[in-house]
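Visitor: for reference, the sequence and a predicted model appear below.
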Amino acid sequence: MEQITNVNIVKIYQVRQTCAKYDASLTRPEDIVTLVKKVFANLDREITVVVGLNTSNVPNVINVVSTGTVDSAVIVPRDVFKALILSNSRAFILFHNHPAGTLNPSECDKEITRKLIDLGKMMQIELLDHIIIGYGDDFCSFRQRNLL
């Protein structure tokens with residue numbers, strides 16, 4: 001007797017949870033940090049957020065990619081690119097916080113950045129910056145530190 005297996009036929013789409021207002025001139029790291037810093041307010045653990053940009057470099061998605069512990073957050077590339085692909089993003093900026101307030105990128109931070117750059121090139125979705133959020137308005141831009 002032959003076994004029959006079902007395969008799901010699905011439609012894939014995004015469901016908007018809420019909107020974030022921003023100034024249309026997002027040209028500096030400080031501007032884009034302002035857009036996402038509310039997501040990072042008062043957190044006691046690391047989270048990772050991706051902001052996707054359309055072909056005009058206008059944000060078209062903000063997605064929380066992972067929630068970690070007090071000193072680490074696992075960043076899985078497929079989770080980063082999922083929201084970007086569904087949003088038709090052509091570029092992105094990765095954010096994560098350091099709840100202890102230090103802004104220096106760890107070796108793990110640098111390694112995942114290199115992986116995301118390489119994968120992004122393959123998928124034609126460019127990583128424009130990786131930004132570490134500290135306390136208040138403090139942040140570290142990989143681009144400004146020439147780490148990209």
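Guide: Yep, it's here. Numbers count the residues shown, from 1 in each chain.
Visitor: do you know how far Arg28 is from Glu126?
Guide: Arg28 sits 18 Å away from Glu126, going by CB to CB, to the nearest Å. Bear in mind the C-beta positions are built from the backbone N, C-alpha and C, glycine included.
Visitor: contacting residues around the closest residue to Val65 other than its chain neighbours?
Guide: Closest residue in space to Val65, ignoring its immediate chain neighbours: Thr48 at 4.4 Å, by CB to CB, 6 or more residues apart in numbering. Taking CB atoms under 8 Å, 6 or more residues apart in numbering as the contact definition, Thr48 lies against Val64, Val65, Ser66, Gly68, Ala73, Ile75, Val80, Leu94, Phe95, His96.
Visitor: of those, just the buried ones, PyMOL syntax please.
Guide: To isolate the buried subset of the contacts of Thr48 in PyMOL, counting by 16 or more other CB atoms under 10 Å, use the following:
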select buried, resi 65+66+68+73+75+80+94+95+96
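Visitor: among the contacts of Thr48, which lie within helices?
Guide: Residues of the contacts of Thr48 located in helices (DSSP state H): Val80.
Visitor: picking that back up, looking at Arg28 and Glu126, which is more packed in?
Guide: Glu126 (14 against 11; other CB atoms under 10 Å).
Visitor: wait, isn't the more buried one in contact with Leu119?
Guide: No - counting by CB atoms under 8 Å, Glu126 does not reach Leu119; the two are 10.9 Å apart.
Visitor: phi, psi of the residue nearest the centre of the chain?
Guide: The centroid of the chain falls nearest to Val50 when counting by CA atoms, centre = their mean (1.7 Å). The phi/psi pair for Val50 (degrees, to the nearest 10) reads phi -120, psi 140.
Visitor: ditto for Pro29
Guide: Dihedral angles for Pro29 - degrees, to the nearest 10 - are phi -50, psi -40.
Visitor: do the one 4 residues further on as well
Guide: Main-chain dihedrals, Val33, degrees, to the nearest 10: phi -60, psi -40.
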